[in-house]
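J.: sequence-free structure coming up:
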C-alpha cells in the first residue's frame, strides 16, 4: 500500500501540511486533491491513494493549516472564501507545492465538497490544468469565469438531490461556463445527496449520504476522462 | 471480427429484420440496440459490434421493416410514434426476438437518437431491463412514466447543444423521471450536438455533429454502468 509523506508548504505566513503519495512507477501526471470542508479526512486520503495506485503523483492539499473540530469548519471555510484573492491564493499554494515535486508533468485537480468548489475556482482563475473534476462540489462563485479564461477540461459529478446545490445552481453554473467558453461535462445522479463519495459520513448530518453507485460511476468517469486528456 | 446474422422477427403483420451478433464466449447479458431514425446504419452496427466484442449477445433492432431513403425517415418515425401502443409494440417485438435467443440472460437496451427515445419508452413501459441507455436520444413522450413503473436503471448521455433536445426538455425529463421514482444518471456534454456518436454523419445536416470526446466518454459510462448492474 502506498503511504503518504508529509509535504510542508506555505501560503504566505501560513504553514500548510500536504500529503504526497508517489506511484510505484513513473508518474503519468500530477494530481492535487482538495478535501472537504472537514479538511483531510480518511475518505479523502483513500481516494488519493486510489489515484497513486493508478500511477499518478498525488498531493492532498490542506485548506486551513490545522484540522477543524466539528462545525467550526464552516466558519473557517467562510472566512477563507470571503476574499476571492485569498481563497485562490490558498489553492494556488497547493498547486505550487505539487509543481515543485513534478516539474514538466501535466497537472489535474480533483476535489470533494468545498474541494470541488476549489477546483472550479482554480479553473476559473485560468490555472494551467488538463482537468478539474468536482465531486459533490459547490458550484457558486464570487468571481464568475471570464470568456476564454478556463484552460482545464471540467468534469462535475453531482448528486441531483444535493440540498446544498439545487438545480438553480446547476443552471447558473452551466450558463457561467458557457459564457466562459469552457469545455464541461456534467453528470447528475438522481436521488443522490451531498457527500456521496464518502462511505463513512459524519454522524448526525442529514445533508450527506453515501451512494455506492454514484461513487463508483463518478470515479470511473474521472479515470476515463483522465485517460483521454493525458493521451 | 464478429459478423452479424440476420434475425427475422415480426410485429404483427410486419416483417422485421434484426441483426444478431454473438460474442465469442458465454454472453454476459443480452443487449438490444435501437438505431437512429435512419434505421440500421454502419455507425450503429459498429457500436453493436463493440458490445459483442465485449461479451454481450446483441440484437440490432429494425424500426420500419425497410430502409428509408433520406428525409422520408421523419415521416415514418412520426407515423410509428403517433400511437403509443403501436410504438411500444414495435419496440417490444425486438425485445421478444432477443429474449428467444437468450433465455434467462439479463437484458439491457441502448439506443441512438430515435433509438434513445425508444429505450426510454421501453423503460416507461415497465420492460424488465437492467439498464436503458440513451445516446443523444429524444426525451419527450406522449405517455409519461407512472410512479413505480420503471424497473430499468436509466443512463442518458446528452449533448447540451443538441438543438432537438433543448434544456427545457431535459428539465421536463428529470421531473418526469422523479415523479416515476426512476433511478437515472444524466450526463450533459457542453457544446455537443445531436448525433455525437456518429463519426460519419449524413452530409448537409446542420443538426448533427460528431464529438470524439463525448463519444468516448459516453461509451465508457455505458460499459462501467453495465459492469455494475450485471454484478
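T.: Arrived safely, thanks for sending. Remember, predicted model here, so these are calculated numbers, not experimental data.
J.: Tell me where chain A has strands.
T.: Applying DSSP state E to chain A gives strands spanning A:5-11, A:14-21, A:30-34, A:57-60, A:107-112, A:131-135, A:153-159, A:184-189.
J.: With respect to chain B, which of these lies nearest?
T.: strand A:184-189 (4.3 Å; Cβ to the nearest Cβ). Where C-beta positions appear, they are placed from N, C-alpha and C, glycine not excepted.
J.: quick one: is the closest one near chain B?
T.: Yes: using Cβ under 8 Å from any Cβ of the partner chain, strand A:184-189 reaches chain B at A:184-189.
J.: ok, for the residue positioned nearest the centre of chain A, nearest residue in space, not its chain neighbours?
T.: Nearest to the mean C-alpha position of chain A, by Cα atoms, centre = their mean, lies residue A:111 at 1.4 Å. Nearest non-adjacent residue to residue A:111, counting by Cβ to Cβ, 6 or more residues apart in numbering or on different chains: residue A:34, 3.4 Å away.
J.: show me what contacts that neighbour?
T.: A:61, A:63, A:91, A:94, A:109-112, A:114-116, A:118-119 (Cβ atoms under 8 Å, 6 or more residues apart in numbering or on different chains).
J.: how close does the residue nearest to the centre of chain A get to residue A:122?
T.: 9 Å (Cβ to Cβ, to the nearest Å).
J.: re the thing from before, got the contacts of residue A:34 as JSON lines, with pLDDT columns?
T.: Converted to JSON lines, the contacts of residue A:34 look like this (pLDDT from 0 to 100):
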{"residue": "A:61", "pLDDT": "98"}
{"residue": "A:63", "pLDDT": "98"}
{"residue": "A:91", "pLDDT": "98"}
{"residue": "A:94", "pLDDT": "98"}
{"residue": "A:109", "pLDDT": "98"}
{"residue": "A:110", "pLDDT": "98"}
{"residue": "A:111", "pLDDT": "98"}
{"residue": "A:112", "pLDDT": "98"}
{"residue": "A:114", "pLDDT": "98"}
{"residue": "A:115", "pLDDT": "98"}
{"residue": "A:116", "pLDDT": "98"}
{"residue": "A:118", "pLDDT": "98"}
{"residue": "A:119", "pLDDT": "98"}
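J.: Would you mind checking which of these is nearest to residue B:18?
T.: Nearest to residue B:18, judged by Cβ to Cβ, of these is residue A:110 at 42.9 Å.
J.: Would you map the helices across chain A?
T.: With DSSP state H applied, chain A shows helices at A:42-53, A:72-81, A:84-101, A:114-124, A:167-180, A:212-229, listed in chain order.
J.: Output the ones you listed in JSON lines; the columns should cover distance to residue A:140 and mean neighbour count.
T.: Converted to JSON lines, the helices of chain A look like this (distance: least, Cβ to Cβ, whole Å; neighbours: other Cβ atoms under 10 Å in any protein chain shown):
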{"stretch": "helix A:42-53", "distance to residue A:140": "21", "mean neighbour count": "19"}
{"stretch": "helix A:72-81", "distance to residue A:140": "9", "mean neighbour count": "15"}
{"stretch": "helix A:84-101", "distance to residue A:140": "12", "mean neighbour count": "18"}
{"stretch": "helix A:114-124", "distance to residue A:140": "7", "mean neighbour count": "27"}
{"stretch": "helix A:167-180", "distance to residue A:140": "6", "mean neighbour count": "16"}
{"stretch": "helix A:212-229", "distance to residue A:140": "20", "mean neighbour count": "19"}
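J.: Ok, which of these comes nearest chain B?
T.: helix A:212-229 (3.9 Å).
J.: Run the chain-centre distance for that closest one.
T.: For helix A:212-229, the separation from the chain centroid amounts to 14 Å (computed by Cα atoms, centre = their mean, to the nearest Å).
J.: how close does the closest residue to residue A:114 other than its chain neighbours get to chain B?
T.: Sequence neighbours aside, residue A:37 is the residue nearest to residue A:114 in space, at 4.2 Å (criterion: Cβ to Cβ, 6+ apart). Note on residue A:37: its distance to chain B, by Cβ to the nearest Cβ, to the nearest Å, is 26 Å.
J.: now residue A:26
T.: Counting by Cβ to the nearest Cβ - residue A:26 and chain B are separated by 24 Å.
J.: Would you mind listing what in chain A touches chain B?
T.: Counting by Cβ under 8 Å from any Cβ, chain A sits next to chain B at A:154, A:160, A:167, A:171, A:174, A:177-178, A:182-191, A:213-214, A:216-217, A:220-221, A:224-225, A:228.
J.: hang on, the earlier thing: residue A:43: which of the strands of chain A is closest?
T.: strand A:107-112 (7.8 Å).
J.: Name the residues of the closest one that come out as buried.
T.: The neighbour-count check on strand A:107-112 (16 or more other Cβ atoms under 10 Å in any protein chain shown) flags A:107-112 as buried.
J.: I'd like the contacts of residue A:34 written out as CSV, with distance to residue B:131 added.
T.: Formatted as CSV, the contacts of residue A:34 follow (distance: Cβ to Cβ, whole Å):
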residue, distance to residue B:131
A:61, 37
A:63, 39
A:91, 38
A:94, 39
A:109, 31
A:110, 27
A:111, 29
A:112, 27
A:114, 33
A:115, 31
A:116, 27
A:118, 34
A:119, 30
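J.: Out of these, the closest to residue A:133 would be?
T.: residue A:110 (4.4 Å).
J.: give the contact list for the closest residue to residue A:76 other than its chain neighbours.
T.: When the adjacent residues along the chain are set aside, residue A:76 lies closest to residue A:64, with 5.2 Å between them (Cβ to Cβ, 6+ apart). Counting by Cβ under 8 Å, 6+ apart, residue A:64 touches A:39, A:76, A:80.
J.: Could you do residue A:16 as well?
T.: So residue A:16 contacts A:8-10, A:61-62, A:65, A:93-94, A:97 (Cβ under 8 Å, 6+ apart).
J.: got it, and residue A:172?
T.: Per Cβ under 8 Å, 6+ apart, neighbours of residue A:172: A:139-140.
J.: how far away is it from residue B:199?
T.: Taking Cβ to Cβ, one finds residue A:172 at 34 Å from residue B:199.
J.: And for residue A:110?
T.: Between residue A:110 and residue B:199 the distance, using Cβ to Cβ, works out to 30 Å.
J.: and if you look at residue A:136?
T.: In terms of Cβ to Cβ, residue A:136 sits 34 Å off from residue B:199.
J.: Repeat that for residue A:229.
T.: 20 Å.
J.: Next: residue A:195.
T.: Using Cβ to Cβ, residue A:195 is found at 39 Å from residue B:199.
J.: which one of the two has more residues nearby?
T.: residue A:195 (23 against 12; other Cβ atoms under 10 Å in any protein chain shown).
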